[in-house]
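Enquirer: coordinates for the following, if possible.
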Amino acid sequence: MSQPREESSSKYAQWGKEQLVQRVLELEQEMRSHAVKVPRAGKAKKQRPLDFSKHNKRFIALRFAYLGWNYNGLAIQKTPTPLPTVEGTLIDAMNKCKLIPSTDPSDFKFSRCGRTDRGVSAMNQVVSLMVRSNLTPEEQMDPTNDNREIDYINILNSLLPDDVKIHAVCLRPPDGFDARFSCVSRHYKYLFHRGDLDIEAMQTAAGYYLGEHDFRNFCKLDGSKQITNFKRSMLVSQILELNDGLCCFDLEGSAFLWHQVRNMVAVLFLVGQQLEKPEIVKELVDVDNYPTKPLFEMGADFPLVFMMDLFPEPNMEHMKPKVKINTGDGVGKVVGEYVPLAKRERHDSYEEVNDRWLKKQKNK
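Expert: Here you go, the predicted structure:
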């Protein structure tokens, strides 16, 4: 128990100078022994930027899916957007894991198959670009080296949000491949509930979209693009009835104008409500009859899904995802291509194993 303050003070009052000095030294020593050492705040080491000139590169194509509800469309923008873009999110992830040298698409030959609007989702979107590689250009040409390549799919998926996922990679696109210009058709589906709609009338109207037409009355005009040719070819245009009253407008075309699909489906809904005759489609693609677009509301964005793009064979023949084998450790083992057990090499028989062991024992 410590002494009362008054008693301690009276005690020190009777001490001589040497005793007081000695006591001060003792107290200083006690304070040093109990002091907590605080490490000096050093400067955080800056990571050196990766010198891409010292690394191999290769041209690849990625196939991926995304839910568009939380994004300001697919394409990266030069100006800030209210929501992130899908491409911006993808490029940030690739830059974070040092697959690309910057976030400027012109630095790595970036190309997309086709744009999707804000809120629109995709199941099989494709981009092509130049990325860092573990292999020399010569090694990249040999498929037997694929297992030594960077695991692009799993590395990127570990950094991407849950609503954007890579599901296939093409390690060897053909010479001259470009995700945009090599694509020969794009496929969309627009989901809706049948309700009281006249599906038969909508089916008739959808058929009038088939073939090549001038779709200037089914798009949003953009003066900055200076477009003068609005002719596009529709290869498939039909209404599909699914389960539980769910239907979809199934549409495939060589290319599409801005907001074209959503304007096309809006007219189909007017027909389905019997507010317009199916022949309104034929009238609207006749630009002599309708040189400009009537005012009408286009279809909502979120029911629209970009399903698939088609490339000439064998453009995408190597676009196969790597397979992750579940080993029970929560990590798994990634292999380039799964080989069925029936086609694999076999272990030695128990007779061979036993005989080999006996021989070793005799030699000892």
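
Enquirer: going forward, measure contacts between C-alpha atoms and count neighbours the same way
Expert: Noted.

Enquirer: and Phe177, helix, strand or coil?
Expert: Per DSSP: H, G, I helix; E, B strand; the rest coil, the secondary structure class of Phe177 is coil.

Enquirer: same question for Pro80.
Expert: Pro80 ends up coil, using three-state DSSP.

Enquirer: tell me how far it lies from Leu191.
Expert: Look at Pro80 and Leu191: by CA to CA, to the nearest Å, they are 30 Å apart.

Enquirer: then Lys96?
Expert: For Lys96, the distance to Leu191 - CA to CA - is 36 Å.

Enquirer: of these two, which one has the most company?
Expert: Of the pair Lys96 and Leu191, Leu191 is the one with more neighbours under other CA atoms under 10 Å, namely 19 against 15.

Enquirer: are we agreed that the more buried one is in a strand?
Expert: Yes - for Leu191, which was evaluated using three-state DSSP, the result is membership in a strand.

Enquirer: wait, doesn't it sit right on Asn243?
Expert: No - at 11.6 Å, Leu191 and Asn243 do not qualify as touching, with contact defined as CA atoms under 8 Å.

Enquirer: what is the burial count for Leu295?
Expert: Around Leu295 there are 7 other residues, counting by other CA under 10 Å.

Enquirer: for it, helix, strand, or coil?
Expert: Here Leu295 is recorded as coil under three-state DSSP.

Enquirer: contacting residues around the residue nearest to Gly73 when sequence neighbours are not counted?
Expert: Among residues not flanking Gly73 along the chain, Arg118 sits closest, at 3.8 Å (CA to CA, 6 or more residues apart in numbering). For Arg118, the contacting residues are Gly68, Trp69, Tyr71, Asn72, Gly73, Leu74, Asp301, taking CA atoms under 8 Å, 6 or more residues apart in numbering as the criterion.

Enquirer: can you rerun that using 7 Å?
Expert: Arg118 makes contacts with Gly68, Tyr71, Asn72, Gly73, as judged by CA atoms under 7 Å, 6 or more residues apart in numbering.

Enquirer: of these, closest to Met123?
Expert: Looking at the contacts of Arg118 and their distance to Met123, the nearest is Gly68, at 10.5 Å (CA to CA).

Enquirer: I'd assumed Ser121 was in contact with the closest one.
Expert: Yes - counting by CA atoms under 7 Å, a contact exists between Gly68 and Ser121, whose distance comes to 4.3 Å.

Enquirer: if you count what's nearby, which of the two comes out ahead?
Expert: Neighbour comparison, Gly68 and Ser121: the larger count goes to Ser121, with 29 against 24 (by other CA under 10 Å).
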